[in-house]
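[1] Just the structure for this:
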Amino acid sequence: MSNQSLSVSVVRAKPSINVTPLIDVLLVMLIIFMVAAPLRPERFLAKVPAKPERDDHLNPNTHTLVVTINSDLSLKLNGLTEMGSVNDTAKLSLTLSNLFQQRKQNHDYKYELRDRADLPDDVRIEKTVFIKAPRALPYADVVLVLDSIKGAGASPIGLQIDDLN
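    Residues are numbered from 1 along each chain as shown. As a prediction, this is how the structure comes out:
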């Protein structure tokens with residue numbers, strides 16, 4: 001024989017993923033979801049408060065602080081005390097800071113945190129302030145007052161959207 005080299009070609013099989021078991025799993029999951037879907041509740045019951053039969057006048061909480069911004073940009077605290085104007089909120093900030101310090105010294109805590117001795121006093125003190133302003137007032141004026149109140153240490157601060165009338 002001649003010295004010819006015999007070349008042997010080797011055919012290798014290409015790897016492929018057998019998807020038959022995956023399709024079986026998919027079909028089982030589809031059946032489970034189709035069976036479970038009708039079991040979810042179609043509606044949620046909610047208890048809506050009923051309108052009271054009589055109009056009881058509720059006295060506001062003594063710890064509630066409301067800063068009112070009048071149409072002439074003057075500020076009042078709880079509707080009684082004149083606190084300057086939107087452009088000069090120094091008196092309001094000083095009054096609120098002093099009030100919060102006084103509440104800290106008197107241990108005047110939030111109702112839900114009064115028994116939480118594990119929290120520091122600064123967290124437990126009632127520092128909630130609401131801002132009440134007419135709807136026609138520019139938002140920038142409200143933000144000036146909000147910044148002043150936040151700087152005095154108030155937290156949280158709520159906005160009342162009702163009119164002054």
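[2] Residue ranges in this protein under the pLDDT threshold?
    Low-confidence segments of the chain (pLDDT under 70): 1-9, 39-50, 52-60, 161-165.
[3] where do the helices sit along it?
    Taking DSSP state H, the helices of the chain run over residues 20-36, 90-105, 121-124, 139-151.
[4] and the ones you listed as a markdown table, adding mean neighbour count and distance to residue 157?
    Quick note: C-beta positions are derived from backbone N, CA and C, even for glycine. Output for these, formatted as a markdown table (neighbours: other CB atoms under 10 Å; distance: least, CB to CB, whole Å):
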| stretch | mean neighbour count | distance to residue 157 |
| --- | --- | --- |
| helix 20-36 | 10 | 45 |
| helix 90-105 | 16 | 11 |
| helix 121-124 | 15 | 16 |
| helix 139-151 | 16 | 6 |
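[5] Make TSV out of these and add distance to residue 79.
    As requested, the helices of the chain are exported to TSV (distance: least, CB to CB, whole Å):
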stretch	distance to residue 79
helix 20-36	57
helix 90-105	14
helix 121-124	27
helix 139-151	15
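[6] so which of those helices gets nearest residue 63?
    helix 90-105 (8.0 Å; CB to CB).
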